[in-house]
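# Please work out how this folds:
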Amino acid sequence: MTSSDSPTVTLGSTGLQVSELCIGTSALGDMPDTYGYDVPEERAHATVRAIFDSSINFLDTARSYGFGRSEERVGAVIRERGGLPEGFVLSTKADRDLDTNTFDTAQVRRSVEQSMEALGLDRLQLVHLHDPEYCDLDEIIRPGGAIDTLFAIRDEGLIDHVGLAAGNVEIMAQCLERGDFEVLLTHNRYTVLNRNADRLIDLAHSKGVAVLNASPYGSGILARGTRDYARYAYQDASEEIVAMARQMEEICARYDVPLAAAALQFSMRDSRVVSTVVGVSRPERMQQNLDMAAVAIPDAIWPELEALSDWDGDPEATRDYKPG
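Okay, the predicted model is just below:
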């Protein structure tokens, strides 16, 4: 099966045709400080090959993932294939200087140029302004700042579309009001456990901005279970979060539904979400995600699951961010 066999949806005003699942590749950059495990280069290459050979036509990466390793590993397979597969959509992100947190005009241009070089592409389809919450916000939103620079690069013809990808929903809302972004990507903040980004998604949807919802598994606990991987948003989950997840496991067991399927389809069934971004770290995860997306889930399960969690706080409020 190739990407052309998969039904696609239109990514908002971009006109890009994308699958309802998008594959995130941050773990392929080998980020043990974030995920708690390593991903060797050859396994990463094999995983990218599996992505390109699947029915999914949408991949997401970033300049910062693994200090550039994610883009480099994706780029190696793009070169191996002689370019992106026909009909495939790749998005990446313009990032701050990870040493200084500087995100000025020069850094935006440097980041985009480095992405093009790593990926082996002379034009980028979709580039998100990434993680402004770690920088001086004025440097981002002032006239001639990072936002304006990214749109200027678009106008120069090096990128086709501009999106916004970040964590902190208040800062995302401020940025969303500042630029005519076509796409918004939020992560870990709209899951069956957490609703932190619910109002932000409403705002984006009301403005005609296409929403990508990333990390429906909460970076692991909702996919691998509370016993095997009790982590949410790249850190050890609190006792309260683990307890909620265990209750959800019990509900899903009564309905004979994998919690991973419910977590994934919680995002996919939301009409405001155009595509759901799921991270993979090995080739077999591709089919596993497709299987979870295809599980038949009774309607009766949703009120029970949604009644369990009223958690709408920022899941990364106490995170010690490490880019590796």
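# got the contact list for Y229?
Remark: with contacts taken as C-beta atoms under 8 Å, 6 or more residues apart in numbering, Y229 is in contact with G220, I221, A223. In short, each C-beta sits where N, CA and C put it, glycine included.
# Can you tell me how far the last one is from A146?
What that stands for is A223. According to C-beta to C-beta, to the nearest Å, A223 and A146 sit 33 Å apart.
# just the first one next, same as before
When distances are taken as C-beta to C-beta, G220 and A146 turn out to be 31 Å apart.
# where does the closest residue to I147 other than its chain neighbours land on pLDDT?
Spatial nearest neighbour of I147, chain neighbours left out: G179 (4.5 Å); criterion: C-beta to C-beta, 6 or more residues apart in numbering. For G179, the pLDDT comes out at 92.
# One more: S3?
The per-residue pLDDT reported for S3 equals 36.
# cool, K322 as well?
In the prediction, the pLDDT value recorded for K322 is 76.
# Can you name the residues that contact it?
D33, T34.
# Could you check how far it is from I147?
Relative to I147, K322 is positioned 26 Å away (criterion: C-beta to C-beta).
# Tell me where this protein is predicted with low confidence.
For the chain, the stretches with pLDDT under 70 are 1-6.
# From the centre of it outward, give me the first residue you hit.
Central residue check for the chain by C-alpha atoms, centre = their mean: the C-alpha nearest the mean position is that of A214, 3.8 Å away.
# circling back: if you count surrounding residues, which of G220 and A146 has more?
A count of neighbours by other C-beta atoms under 10 Å puts A146 above the other of G220 and A146, at 28 against 22.
# show me what contacts that one?
Contacts for A146 were tallied using C-beta under 8 Å, 6+ apart; they are A94, F103, D104, T105, Q107, V108, L129, P132, C135, E139, I140.
# Now do the phi/psi pair for it.
For A146, the backbone dihedrals (degrees, to the nearest 10) come out as phi -60, psi -40.
# Near the nearest residue to A210 once chain neighbours are set aside, how many residues? Count them for me, please.
Nearest non-adjacent residue to A210, counting by C-beta to C-beta, 6+ apart: G12, 2.8 Å away. One way to gauge burial is a neighbour count; for G12, by other C-beta under 10 Å, it gives 23.
# could you pull out the helices for the stretch 101-250 of the chain?
Listed from the start of the chain, the stretch 101-250 of the chain has helices (DSSP state H, counting those that start in this stretch) covering 105-119, 137-141, 146-155, 169-178, 198-206, 221-224, 239-255.
# Show me the strands in the stretch 201-324 of the chain, by range?
The residue ranges that make up the strands of the stretch 201-324 of the chain, judged by DSSP state E, counting those that start in this stretch, are 210-214, 231-232, 235-236, 273-279.
# Report the contact partners of the residue located most distally from the centre of the chain.
What lies farthest from the middle of the chain is R254; by C-alpha atoms, centre = their mean that is 30.5 Å. For R254, no residue meets the contact criterion (C-beta under 8 Å, 6+ apart).
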